[in-house]
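Undergrad: Task: produce atomic coordinates for the following.
(one chain, ligands or ions: 1)
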Amino acid sequence: MQTAMTTPITARRLLCGVIVCLLGVTVLSAQEINGRWASTGKLLENGEAQLRILVLKQDGEKLSGSIETLSDTHNVTGSVHGDHFELWGVGWSDVKPFITGELTNNELHGTVWGEPMVARRATAKDVISHQAYIPPPALHKVAYNGLAKTPPMGWNSWNLFAEKVDDQTVRTMADAMVTSGMRDAGYIYINIDDTWEGVRDAKGNLQTNHKFPDMKALADYVHSKGLKIGIYSSPGPRTCAGYPASYGHEEQDANTFAAWGIDYLKYDWCSAGSIYREADLQPIYQKMGDALQATGRPIVYSLCEYGFGSVEKWAPEVSGNLWRTTGDISDKWESMIENIEKQAHTAPYAGPGHWNDPDMLEIGNGHMSGDEYRTHMSLWALTAAPLLAGNDVRTMSDETKSILMNREVIAIDQDALGKQASPTKNGNLETWMKPLADGGVAVGVVNLGSAPATTKVTLKELGLSKQVKSVRDVWAHKEVSFTKGVYTVQIPAHATLMLRVSVD
Ligand code: GLA
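TA: Residues are numbered from 1 along each chain as shown. Alright, predicted model coming up:
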């Protein structure tokens, strides 16, 4: 039987007079939207339907509450106008609501991250069963695995393909890494990000989903091209996209990855946040560090927990080769600059085998200008960041190729000394200096402003103890000369002057 709380709003409309509706529509919605809603909007590639529970509370036109999935629980805030509602993640810096929709026939119809969503009133049976807490191991130091002496270089599927990556994409990308010259420029790892996962078999072995019919065969193919292959998992029960992850199966999954021939693991915190506390970060990452080493296969270990818990201070202790220092990058100037500046304080912790990771490259994905992408590449190189291309290598423009495969810039990133440049600001100009193994220095001057600006680089400020032999503009590919120890040049908006100064 329908009660006043559950009468469909459209039926109410038919029943009520115009004046009552004008006065009462917001109030009626207020009655309706409060409560628990269950949606099985997202069908995963492994056949599972992802249950999502929305708990909503309305106060006038304001909404608050939480959204729970197998991956995590997140507080939301939002608004209702008539039948229309919008929800935003608390603490997220999104420019658009991530859920929007209408209250229709006592159901919520709308979209989550642009994907269709229908939510009905939740019943007592709609419960997300969370797994029990497995206490983390005692801390100890995991030995350095001897890998990533220079920042890892390669390609990762997430920035462009997100959940649409599959076996064929990876194979054709591996082909293109060779034919485009990317492999020979140093981009060796082909990394499959989230959404390759299937379900666990009777013995608990994690299988691939239909998009990756035979991971071992794919790894063999990638290896046959002179490349290496990477994969992705999470210490929680679910990955960020909601797929089964390594919680309680750490050793088993490490063995599976090794048996497939995997060379690189990105281990993404995601749903681990709904089980563990911040104090558990190090021992939980240590658990996978140990498991990887126990396989006997050299596997680069990439920590992804967005910089929580001063990761740069302990990641080498768990044999981490690189660790994310920020949230996700997007193909926007502001996002790229924000990520690189956010990790500036971590500079002392970078060095051979151990790198700060401001996230993957967006170069070639189409939403920044050529100058902005050159700045992106310059800043990643100056800060000894991993260079993981995130574009479609099969269809790169000549300009994208000239940026990603600029050997002089790559050499600065890959410099054996492994120093991470730090910035100093002067108005809109930001200068980054990176000491190099040959005693020289790389200097980048970024124009953060929206108008051209003139910079004067003086030899004195470089602090070199030896005589300067030559100075090269590594984007113009030519020598530049200093007049009385000063080089004056105009830098276009959002562009970077990048010099390599060599000494006798
Ligand atoms: C997180 C990571 C991203 C990507 C996605 C995959 O957001 O930070 O780099 O791996 O998960 O779901």
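Undergrad: Could you give the secondary structure assignment for His376?
TA: Under the three-state scheme (DSSP: H, G, I helix; E, B strand; the rest coil), His376 adopts helix.
Undergrad: pretty sure it is touching Met368, no?
TA: Yes - under the contact definition of Cβ atoms under 8 Å, His376 touches Met368, with a separation of 6.9 Å. C-beta here means a position set from N, CA and C on the backbone, and glycine is covered the same way.
Undergrad: Those two: which has the busier surroundings?
TA: Neighbours per residue, other Cβ atoms under 10 Å: of His376 and Met368, the larger number sits with His376, 24 against 20.
Undergrad: ok, so what distance separates the more buried one from the ligand?
TA: 16 Å (Cβ to the nearest ligand atom, to the nearest Å).
Undergrad: Tell me which residues touch that residue, please.
TA: Neighbouring residues of His376 by Cβ atoms under 8 Å, 6 or more residues apart in numbering: 336, 361-363, 368.
Undergrad: Quick check: what element follows the helix or strand containing Thr455 along the chain?
TA: Here Thr455 sits within strand 453-458, counting by DSSP states H and E. Counting by DSSP H and E, the next helix or strand C-terminal to strand 453-458 is strand 468-473.
Undergrad: List the strands paired with the strand ranked longest in the chain, with their directions.
TA: For the chain, the strand that runs over the most residues, judged by DSSP state E, is strand 49-59. Pairing partners of strand 49-59, with direction, according to DSSP bridges: strand 35-43 (antiparallel), strand 62-68 (antiparallel).
Undergrad: tell me, which of those strands is the model least confident about?
TA: Sorting these by mean pLDDT places strand 35-43 lowest, at a mean of 86.
Undergrad: which residues of the stretch 101-250 of the chain fall in helices?
TA: Read by DSSP state H, counting those that start in this stretch, the stretch 101-250 of the chain holds these helices, from start to end of the chain: 158-161, 167-179, 182-185, 215-224, 250-260.
Undergrad: how about the residues of the stretch 101-250 of the chain near the ligand?
TA: 158, 193-194, 239-241 (Cβ under 6 Å from any ligand atom).
Undergrad: Can you lay out these as CSV showing pLDDT and neighbour count?
TA: CSV is the format used below for those (pLDDT from 0 to 100; neighbours: other Cβ atoms under 10 Å):
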residue, pLDDT, neighbour count
Trp158, 98, 24
Asp193, 98, 25
Asp194, 98, 23
Thr239, 94, 23
Cys240, 91, 21
Ala241, 91, 22
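Undergrad: now, among these, which is nearest to Trp88?
TA: Cys240 (18.3 Å; Cβ to Cβ).
Undergrad: wait, doesn't that closest one sit right on Ala272?
TA: No - in terms of Cβ under 8 Å, Cys240 does not count as a neighbour of Ala272; the distance is 10.4 Å.
Undergrad: so what sits against both of those two?
TA: When contacts are counted by Cβ under 8 Å, 6+ apart, Cys240 and Ala272 are jointly contacted by Ser234.
Undergrad: helix/strand/coil for the residue in the stretch 251-400 of the chain that the ligand sits nearest to?
TA: Distances between the stretch 251-400 of the chain and the ligand by Cβ to the nearest ligand atom are smallest at Asp328, namely 4.7 Å. Assigned with three-state DSSP, Asp328 falls in the coil class.
Undergrad: secondary structure element for the nearest residue to it once chain neighbours are set aside?
TA: Distances taken as Cβ to Cβ, 6 or more residues apart in numbering place Asp359 nearest to Asp328, at 6.3 Å, with adjacent residues excluded. Under the assignment given by DSSP H and E, Asp359 is not contained in any helix or strand.
Undergrad: And Asp359, what's its pLDDT?
TA: For Asp359, the predicted pLDDT is 98.
Undergrad: Hmm, Arg324 and it touching each other?
TA: Yes - using Cβ under 8 Å as the test, Asp359 is close enough to Arg324 to be in contact (6.3 Å).
Undergrad: still on that earlier bit, what residues are up against the residue nearest to Asp328?
TA: If a contact means Cβ under 8 Å, 6+ apart, then Asp359 has 324, 326, 328-329, 339 as its contacts.
Undergrad: how about a cut-off of 10 Å?
TA: 156, 158-159, 304, 306, 324-330, 335-336, 339-340, 343, 380, 385-386, 388, 390 (Cβ atoms under 10 Å, 6 or more residues apart in numbering).
Undergrad: could you point out where this protein is predicted with low confidence?
TA: Within the chain, the ranges that satisfy pLDDT under 70 run 1-31, 41.
Undergrad: Now do Ile229: how many residues are near it, please.
TA: When neighbours are defined as other Cβ under 10 Å, Ile229 has 26 of them.
Undergrad: Relative to the ligand, how far out is it?
TA: From Ile229 across to the ligand, the span is 16 Å (Cβ to the nearest ligand atom).
Undergrad: which residues touch the residue found closest to that residue once you drop the neighbours it is linked to in the chain?
TA: Distance criterion Cβ to Cβ, 6+ apart; nearest residue to Ile229, sequence neighbours excluded, is Val222 at 4.3 Å. The neighbourhood of Val222, defined by Cβ under 10 Å, 6+ apart, consists of 170-171, 173-174, 177, 189-190, 192, 228-230, 261-263.
Undergrad: Out of the residues you listed, the closest to the ligand would be?
TA: Lowest distance from the ligand to these (Cβ to the nearest ligand atom) belongs to Ile192, with 10.4 Å.
Undergrad: The closest one: how many residues sit nearby?
TA: Under the neighbour criterion other Cβ under 10 Å, Ile192 is assigned a count of 30.
Undergrad: Kindly report the same for Leu429.
TA: When neighbours are defined as other Cβ under 10 Å, Leu429 has 18 of them.
Undergrad: and it, what does it touch?
TA: Remark: with contacts taken as Cβ under 10 Å, 6+ apart, Leu429 is in contact with 445-449, 453-456, 491, 497.
Undergrad: circling back to that earlier point, what touches both of His376 and Met368?
TA: Shared contacts of His376 and Met368, counting by Cβ under 10 Å, 6+ apart, come down to 331, 333, 336, 362, 494.
Undergrad: mind listing the helices for the stretch 351-500 of the chain?
TA: Using DSSP H, counting those that start in this stretch, helices in the stretch 351-500 of the chain cover 370-382, 398-404, 407-413.
Undergrad: which residue packs closest to Val199, ignoring adjacent ones?
TA: Nearest-residue entry for Val199: Asn46, 5.3 Å, with adjacent residues in sequence omitted and distances by Cβ to Cβ, 6+ apart.
Undergrad: what residues are up against that neighbour?
TA: 195-199, 207-211, 242-244.
Undergrad: hang on, the earlier thing: determine which two of the residues of the stretch 101-250 of the chain next to the ligand are furthest apart.
TA: For these, with distances taken as Cβ to Cβ, the pair at the greatest spread is Trp158 and Thr239 (11.2 Å).
Undergrad: joint contacts of the two?
TA: Common neighbours of Trp158 and Thr239, counting by Cβ under 10 Å, 6+ apart, are 193-195, 232, 268.
Undergrad: Would you mind listing the two of these that lie farthest apart?
TA: Of all pairs drawn from the shared contacts of Trp158 and Thr239, the widest gap by Cβ to Cβ lies between Thr195 and Asp268 and measures 11.9 Å.
Undergrad: which residues are in contact with both of those two?
TA: 158, 232, 239-241.
Undergrad: List just the nearest of the residues you listed to Lys57.
TA: Each of those was checked against Lys57 using Cβ to Cβ; the closest is Cys240, at 26.5 Å.
Undergrad: For the residue of the stretch 1-150 of the chain found nearest the ligand, give me its contacts.
TA: In the stretch 1-150 of the chain, the residue found nearest to the ligand is Ser71; the distance is 9.1 Å by Cβ to the nearest ligand atom. Contacts here follow Cβ under 10 Å, 6+ apart; on that basis Ser71 touches 50, 52, 128, 234, 236-243, 245, 270-274.
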